[in-house]
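S.K.: Have a look; sequence and predicted model below, questions after that.
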Amino acid sequence: MEKNNKYDVVIGLEIHLESKTKSKMFCSCLNDPDERRPNINVCPICMGHPGTLPQINKQAINNIIKLGLALNSKISNYTKFDRKNYFYPDLPKGYQISQFDYPICKEGFLDIKTEKGVKLIRINRLHQEEDAGRLVHSVDGTSMVDFNRAGLALIELVTEPDFSSAEEVINFAKELQLIARYLNVSDANMEKGEMRIEVNLSLKEKGERELGTKVEVKNLNSFKTIEKAILFEIERQTKLLDEGERIVQETRGFNDEKQVTLSQRSKEDSHEYRYFPEPDLPPLEISEERIQELNCEIPELPQEKRLRLEVEYGLKDFKIIEVFIENRDFGEYFEKIATELLNWMQHKKIDQSKYFDLVKLTTNYLTSDLIGLAEGKIIDFSEKITPENFAEFIVLIFMGEINSKIAKVVLKDMYDLKKDPSHIIEDRGLKQIDNEDEVDKIIENVLESNTSAVEDYKNGKVASFQFLIGQIMAKSKGKINPDKAREILSKKLENIQ
Ligand SMILES: [Zn+2]
């Protein structure tokens, strides 16, 4: 994608995640992402009125510690908050409470998949801060400010410059998004601004040790946009360097309309923010005990789950595993069915060594037919078909009691009527005909009433065979196993002179 012979691409990320808390970071105002009325969730503390005192949100601190632990970080026992001073209309206090030299989490890492295998991305730090408000620009040129978001708990994650392609960046961001959701520390929806990614990108000549001048790219509100912005920047900077020009250290924004990055401002260095310790908050001490307790609350994370699905159920298809990883309820539904399968196998005396085969059949029906019945959507399927009924359905197919054509009819009825498969098969008279005499009779019957087709076949017209199979399936209302029909039909045709 971003093949480049002359330069190495060096990318680091700064990611902001809106923490899932009941109230704001330093006051009791509600954190309500669905509030549409502006300036409803505000108070003197988050508006920075003189004489007010901030208080630290315990849930927010627990969230960032959990995320830090999940990202293999060291959690600091001593940490403090600092003021980051700058002026902007959406910042009512004229400063943001953040963390400068003592972040809560540091030195973490996350493994990501790349074309060349697994790559370790180092995470420099995660620190806690508060969000700014939101500017709303009207068409008539006026701008208004909504402070509902001002003071929300915000986690900032900074990686080391370990990425060398857009693909790596996106894999990292997607994995982080999953982890945040599994931990329930952030919904991390990019289009809602709950996860905001800034890309720091520079080029250096191959073999060169020193990093080039970096450019920061903002306004990236989707994975697609990130990819486009990175590709654009690589091309733009390559061209400048090739022409002997200098790269300017600056912040650029991605312009969706023009599909380019445009310069916004020259980048401040940290000293321009005049950080100093927040005088209204004491240093925060985090006990080892608290860290251990939070560590115990961490659920199974995506990477462990992928591995377990592979080992426990013999899943090989990477795409199917990802469907279960990304849609956790659907994954749980699958696992419940897989457990029920074991009961049915015992009941029907199916050899345990066939388990992975039945599981594979299950994943096929789940990810194609069942999602198809829901018009391509992944919904709460347990409301439609119980895991027990679904497992029974799979066992019936596996044992050849219904063929794949009838299985579709049965599944649709199960879905629409919420009945178990054996009742549907009985009520609709769909049971497979496996009585040899009966199968024989149907085929004989078809041969007798289609003598010209038989003659055509004997004269070398191969298509007539398929025609006869069609007749047999129609006559039996699809209740004969097609493979069996083919086998018997070819034997019978051989015997006809
Ligand atoms: Zn408030």
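M.R.: Done, it's in.
S.K.: So the longest strand anywhere in the chain, near the ion or not?
M.R.: Residue-count comparison of every strand in the chain, with assignments taken from DSSP state E, identifies strand 117-130 as the longest. No - between strand 117-130 and the ion, judged by Cβ under 5 Å from the ion, nothing touches; the nearest distance is 10.2 Å. Using the backbone N, CA and C atoms, a C-beta is placed for each residue, glycine as well.
S.K.: what comes up buried for that strand?
M.R.: Within strand 117-130, the residues scored as buried using 16 or more other Cβ atoms under 10 Å are K119, I121, I123, N124, R125, L126, H127, Q128, E129, E130.
S.K.: got a list of what the third one touches?
M.R.: Pointing back at I123 there. L71, N72, S73, E107, G108, F109, L110, L157, V158, T159, E160 (Cβ atoms under 8 Å, 6 or more residues apart in numbering).
S.K.: List the beta-bridge partners for it.
M.R.: Taking DSSP bridges, one obtains G108, T159 as the residues bridged to I123.
S.K.: pLDDT value on it, please?
M.R.: At I123, the predicted lDDT confidence score is 97.
S.K.: next one: the last one
M.R.: In the prediction, the pLDDT value recorded for E130 is 96.
S.K.: Quick check, it in contact with L154.
M.R.: Yes - under the contact definition of Cβ atoms under 8 Å, E130 touches L154, with a separation of 6.0 Å.
S.K.: Which neighbours do those two have in common?
M.R.: Residues within reach of E130 and of L154 at once, by Cβ under 8 Å, 6+ apart, are M25.
S.K.: Run through the residues that contact the spatially closest residue to F26 that is not a sequence neighbour.
M.R.: By the measure of Cβ to Cβ, 6 or more residues apart in numbering, the closest residue to F26 outside its immediate chain neighbours is P54, 3.3 Å from it. With Cβ under 8 Å, 6+ apart as the criterion, the residues that contact P54 are M25, F26, C27, I45, I97, E278, D280, L281.
S.K.: how about the strands in the stretch 1-150 of the chain?
M.R.: Using DSSP state E, counting those that start in this stretch, the strands of the stretch 1-150 of the chain run over 7-18, 74-75, 78-79, 82-85, 95-98, 105-114, 117-130, 134-137, 143-146.
S.K.: Please apply the same query to the stretch 351-497 of the chain.
M.R.: Assignment of strands within the stretch 351-497 of the chain using DSSP E, counting those that start in this stretch yields no ranges at all.
S.K.: Drop anything exposed from the contacts of P54.
M.R.: Neighbour-count burial (16+ other Cβ under 10 Å) applied to these gives M25, F26, C27, I45, I97, E278, L281.
S.K.: Got the domain ranges for this structure?
M.R.: 7-296, 302-427, 436-495 (automatic domain parsing).
S.K.: Comparing these, which yields the minimum mean pLDDT?
M.R.: Mean pLDDT per stretch puts domain 436-495 lowest among those, at a mean of 85.
S.K.: Take the buried residues of strand 117-130 and lay them out in TSV including distance to E250.
M.R.: TSV is the format used below for those (distance: Cβ to Cβ, whole Å):
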residue	distance to E250
K119	28
I121	25
I123	25
N124	22
R125	23
L126	26
H127	24
Q128	28
E129	23
E130	26
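S.K.: among the residues you listed, which two are most distant?
M.R.: By the measure Cβ to Cβ, these have their two most distant members at K119 and E130, which lie 32.8 Å apart.
S.K.: returning to what we had before: may I see the contacts of I123 arranged in a markdown table, with distance to the ion and neighbour count as well?
M.R.: A markdown table is the format used below for the contacts of I123 (distance: Cβ to the ion, whole Å; neighbours: other Cβ atoms under 10 Å):
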| residue | distance to the ion | neighbour count |
| --- | --- | --- |
| L71 | 29 | 21 |
| N72 | 34 | 15 |
| S73 | 29 | 24 |
| E107 | 33 | 14 |
| G108 | 31 | 22 |
| F109 | 36 | 15 |
| L110 | 33 | 22 |
| L157 | 25 | 27 |
| V158 | 27 | 17 |
| T159 | 31 | 24 |
| E160 | 35 | 14 |
